[in-house]
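S.K.: This is a predicted model, with the sequence first.
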Amino acid sequence: MVSEDSTEMVIMVFRILLPILIFFITFGHKIEMWISSWGPKHGRDPLLRHRQATRGCEKPEALATLLMVTADMAPDLFQKPEPSQKEWPRREGKVGETRKGKRHPGEDLAVPVQQVHGQGSEEHLAADRMPVQNAEIEVTDDERRQLQRLVNFMAFTRQLPQRVFLSESDPPPPARPQEQLARRRHLGRPSTIRAAELANKEAQMVLHGALRQPNGSAVAHVAKGLYAHLSDVELHKETYSLMVEACVKVNDLQTASDFLIKMEAAGFVLEHDLLDKVMEVYWVHKNEKPESQQVSPPHLADAAEFAGRHAGWAQIPVAPMGSMSPPPRPQPPLQAATIQSGGSIDLALPAFSVPAEFATANASLSSMSRGDDVGEHAQRFSFSSKAAVFKPGATKAQRL
């Protein structure tokens, strides 16, 4: 039998060899690269010197089969691979036609030269086509620039959360009035006017790019962002008009009316076409609501009145929100209380204000004050014979 000492020795050897084996399996290739780096190394300069020395000598047997292959010797090696289905070029139809067989609206069809001998030569026709092609190229470039401006505006003017650090010191005092006047004078300088023109052109390109988008759900947000971004710049009439058109595209009547009011406050004359577009949006909003909710909110009524006033229409009075409630119920006038000759007080309240249980008592008291039917009241009101006679100024003991 195997002794316990030999068994323990075998177990100890396995415990030592197993981690070493796992280590070499995991990091064997790295260790091989590390060991190979111990070999001899040759720098660039010695290799170049050796190349100069061996130039013109016979090739060794290992390199005797190496040749410089050209396209004439092996044309198959220089053939381009066939394009895949995604890389196939589009089929070009006839001149002036698209893939669906339709031509562009501004594109001229190719006409045979034999049909136009009486109208001009082929060079004349080519000269006529040049302005149309140049116009198409310019339109394409404008669209590309507008889209670039729109993408830049949407990408770099996002309202990202900013870290705020509370300063330990107090905020600086407000500027002096002289400095504020100097800043206002600076706004009229040529450099500021030039910057305002550039800002308006940039904003107009962004708005044109937004209006060209088929899905214009964010067009109104672009207009609002531009107006907030250009709060310190004097906006032009065309910029305001594009902002209103952007709001009209998404049927945002409130924002469109706000821009119209700001446009008028800036001193610009509103165009009838722009007001007609706003009125169309107003009628769309009005027709979408049921008849029970036809009362216009204040901002919609203001927009309709504002657009109608500038379009030359008569001012239509709009009913306020509280005009549909019934008038308050008139209250009967209360008569002043009168003191009768007998010393009683006649309140003279209206009939519907006196409770039923007090109507008889009130009538009896008034009749007693007038001296009517004394016997009847004497029977109704009986006084005790033991009651003390009341004397003004007498104490309780004197009364008894």
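M.R.: Sure thing, it's come through.

S.K.: Might one say that residue 252 is in contact with residue 220?
M.R.: Yes. In this structure, residue 252 is within contact of residue 220 by CB atoms under 8 Å, at 4.5 Å. Where you see a C-beta, it was placed from the backbone N, CA and C, and this is true even at glycine.

S.K.: Where does residue 12 fall, secondary structure wise?
M.R.: Secondary structure assigned from DSSP states H and E places residue 12 in helix 4-36.

S.K.: Residue 45 too?
M.R.: Residue 45 is part of helix 44-54, with elements assigned from DSSP H and E.

S.K.: Next: residue 227.
M.R.: In this assignment (DSSP H and E), residue 227 forms part of helix 219-229.

S.K.: Would you mind listing the buried residues in that helix?
M.R.: Neighbour counts over helix 219-229 (16 or more other CB atoms under 10 Å) mark 219, 220, 222, 223, 224, 225, 226, 227 as buried.

S.K.: same check, this time on stretch 227-245
M.R.: Buried residues in stretch 227-245, counted by 16+ other CB under 10 Å: 227, 230, 233, 235, 236, 239, 240, 241, 242, 243, 244, 245.

S.K.: taking these one by one, which sit in helices?
M.R.: Where those overlap with helices, as defined by DSSP state H, the overlap consists of 227, 239, 240, 241, 242, 243, 244, 245.

S.K.: Please convert the residues you listed to TSV, extending it with pLDDT.
M.R.: As requested, those are exported to TSV (pLDDT from 0 to 100):
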residue	pLDDT
227	79
239	87
240	88
241	88
242	87
243	86
244	87
245	87
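
S.K.: As TSV, the residues you listed with distance to residue 153 would be great.
M.R.: Conversion of those to TSV gives the following (distance: CB to CB, whole Å):
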residue	distance to residue 153
227	12
239	14
240	17
241	18
242	13
243	13
244	18
245	17
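
S.K.: If you average the pLDDT over the host helix or strand of residue 192, what comes out?
M.R.: Per DSSP H and E: residue 192 is located in helix 190-211. Here the mean pLDDT over helix 190-211 is 80, rounded to a whole number.

S.K.: just stretch 260-273 next, same as before
M.R.: For stretch 260-273, the mean pLDDT works out to 86.

S.K.: what's the span of that stretch, first residue to last?
M.R.: Criterion CA to CA, to the nearest Å; first-to-last residue distance in stretch 260-273 is 13 Å.

S.K.: Please pull out the lowest mean pLDDT helix or strand from the chain.
M.R.: Ranked by mean pLDDT, DSSP states H and E, the weakest helix or strand in the chain is helix 374-380, scoring a mean of 48.

S.K.: any low-confidence regions in the stretch 251-400 of the chain?
M.R.: With pLDDT under 70 as the threshold, the stretch 251-400 of the chain has low-confidence stretches at 289-400.

S.K.: which of the buried residues of stretch 227-245 sit farthest apart?
M.R.: The largest separation in the buried residues of stretch 227-245, counting by CB to CB, is between 233 and 245 at 19.7 Å.

S.K.: What is the burial count for residue 9?
M.R.: The number of residues packed near residue 9 is 11, by other CB atoms under 10 Å.

S.K.: That one and residue 200, how far apart?
M.R.: Distance of residue 9 to residue 200, computed by CB to CB, to the nearest Å: 93 Å.

S.K.: Repeat that for residue 232.
M.R.: Distance check for residue 232 against residue 200: by CB to CB, it reads 13 Å.

S.K.: Equivalent analysis for residue 66, please.
M.R.: Counting by CB to CB, the gap from residue 66 to residue 200 is 69 Å.

S.K.: swap in residue 6?
M.R.: For residue 6 relative to residue 200 (CB to CB), the value is 97 Å.

S.K.: With residue 239 instead?
M.R.: As it turns out, when the distance is counted by CB to CB, residue 239 lies 5 Å from residue 200.

S.K.: Comparing residue 66 and residue 200, which shows the higher neighbour count?
M.R.: Taking residue 66 and residue 200 together and counting by other CB under 10 Å, residue 200 has the greater number of neighbours (19 against 8).

S.K.: Nearest residue to the more buried one in space, please, no chain neighbours.
M.R.: Once its chain neighbours are removed from consideration, residue 200 has its nearest residue in residue 236; the separation is 4.7 Å (CB to CB, 6 or more residues apart in numbering).

S.K.: isn't the one you found right next to residue 198, touching?
M.R.: No. Look at residue 236 against residue 198 with CB under 8 Å: they stay out of range, at 11.5 Å.

S.K.: Residue 252: how many residues sit nearby?
M.R.: Here the count is done by other CB under 10 Å, and residue 252 has 20 residues near it.

S.K.: ignore the last one, residue 27
M.R.: The burial metric for residue 27, expressed as a neighbour count using other CB under 10 Å, is 11.
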